[in-house]
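> Prediction below, plus the sequence it came from.
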Amino acid sequence: MKALLHDMTRCIGCRGCQVACKQWNNRPAEETTFFAGPGYQNPADLSAKTYTLITYNEVEQNGRFDWVFGKLQCKHCLEPACAAICPVEAITKTESGAVVVDRELCIGCQMCGTVCPFNVPRYDEEGDGKMHKCWLCFDRLEAGEVSACAKACPPQAIFMGDRDEVLKEAKRRIAAEPDKYIPDIYGLEEAGGTCVFHISNVPFSALGFPTDVPKEVIKVARAEIIPSLNGINPAAIAASVAVAGVGWVIKRRTELEKNDN
């Protein structure tokens with residue numbers, strides 16, 4: 001199982017990973033303006049066209065402001081709630097570690113986006129009507145290569161390898177320079193553990209990372225729908241899935257709606 005480490009102390013905010021991601025996944029450009037708000041990232045958020053995004057965070061340290069660059073993308077949970085809830089089993093956790101959406105099967109019900117604790121899957125309203133997200137360059141992993149973002153990173157802020165190896169490297173860096181890093185690895189325990197880790201010199205809460213993610217696997221139930229989907233409106237299927245949602249899912253939807261407002 002492969003994993004990816006993003007070291008924020010090495011990231012220079014060049015957005016090379018964003019460009020490489022778009023090129024490899026053939027994602028179109030999107031009309032955007034300079035995001036003059038917290039972070040200054042551009043575009044402002046993940047979308048069906050943008051699978052990874054470098055965030056610009058101005059953080060005060062030792063009486064001065066510094067840039068700390070984060071990286072938004074799918075975390076590729078060990079036991080992904082998005083795959084568990086998908087009514088048509090369009091999302092799978094592969095042996096390589098990647099959580100992949102089969103858009104041939106996806107019905108665009110958006111339930112995966114509702115249960116994701118990291119708010120990652122995005123609906124392509126203007127395009128194919130399917131859900132989109134980083135798939136950890138699954139095709140490259142199958143060919144023995146690293147992800148496009150890891151391959152393109154000039155300062156080697158992105159490290160990729162076997163999950164145990166990547167986790168060992170993250171712990172080694174923190175132990176070797178305890179004054180440089182905070183003693184936390186984001187993704188180690190969140191949602192039961194992921195295949196994307198982050199290490200930083202500032203608290204993750206200062207970078208906009210969700211810090212209320214449960215440490216245990218997020219349990220959701222796949223809705224029981226009628227055996228045949230032929231002729232069934234996807235909206236009706238989505239409604240049946242919603243009925244099967246658990247309390248955490250409802251809470252998460254409410255939080256996302258508040259953030260949008």
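Cool, the structure landed.

> what residues are up against the closest residue to Pro203 other than its chain neighbours?
On the basis of CB to CB, 6 or more residues apart in numbering, the spatially nearest residue to Pro203 that is not a chain neighbour turns out to be Ile182, at 6.1 Å. To be clear about C-beta, it is placed using only N, CA and C from the backbone, and glycine gets the same treatment. Contact analysis of Ile182 by CB atoms under 8 Å, 6 or more residues apart in numbering lists Ile199, Ser200, Asn201, Val202, Pro203.

> what helix or strand does Ile182 sit in?
For Ile182, there is no host helix or strand (DSSP states H and E).

> So for it, what pLDDT did the model give?
Confidence at Ile182, expressed as pLDDT, is 97.

> Can you give me the distance of it to Ile158?
According to CB to CB, to the nearest Å, Ile182 stands 19 Å off from Ile158.

> What lies in contact with stretch 23-31?
So stretch 23-31 is contacted by Cys21, Lys22, Pro43, Ser47, Lys49, Thr50, Tyr51, Trp135, Cys137, Arg140, Ala148 (CB under 8 Å, 6+ apart).

> how about 10 Å then?
The contact list for stretch 23-31 (CB atoms under 10 Å, 6 or more residues apart in numbering) reads 18, 21-22, 43, 47-52, 126-127, 132, 134-135, 137, 139-140, 147-149, 151-152.

> Can you list the buried residues in that stretch?
Of all the residues in stretch 23-31, those buried under the rule 16 or more other CB atoms under 10 Å are Trp24, Asn25, Arg27.

> so where's the stretch 51-200 of the chain shaky on pLDDT?
Scanning the stretch 51-200 of the chain for pLDDT under 70 picks out no residues.

> repeat that for 90
58-66 (pLDDT under 90).

> Please enumerate the strands of it.
Taking DSSP state E, counting those that start in this stretch, the strands of the stretch 51-200 of the chain run over residues 53-61, 64-72, 91-93, 99-101, 122-123, 131-132, 158-162, 196-199.

> can I get those in JSON lines with mean neighbour count and distance to Arg222?
Output for the strands of the stretch 51-200 of the chain, formatted as JSON lines (neighbours: other CB atoms under 10 Å; distance: least, CB to CB, whole Å):
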{"stretch": "strand 53-61", "mean neighbour count": "17", "distance to Arg222": "30"}
{"stretch": "strand 64-72", "mean neighbour count": "17", "distance to Arg222": "27"}
{"stretch": "strand 91-93", "mean neighbour count": "20", "distance to Arg222": "11"}
{"stretch": "strand 99-101", "mean neighbour count": "23", "distance to Arg222": "15"}
{"stretch": "strand 122-123", "mean neighbour count": "20", "distance to Arg222": "19"}
{"stretch": "strand 131-132", "mean neighbour count": "24", "distance to Arg222": "16"}
{"stretch": "strand 158-162", "mean neighbour count": "19", "distance to Arg222": "30"}
{"stretch": "strand 196-199", "mean neighbour count": "24", "distance to Arg222": "24"}
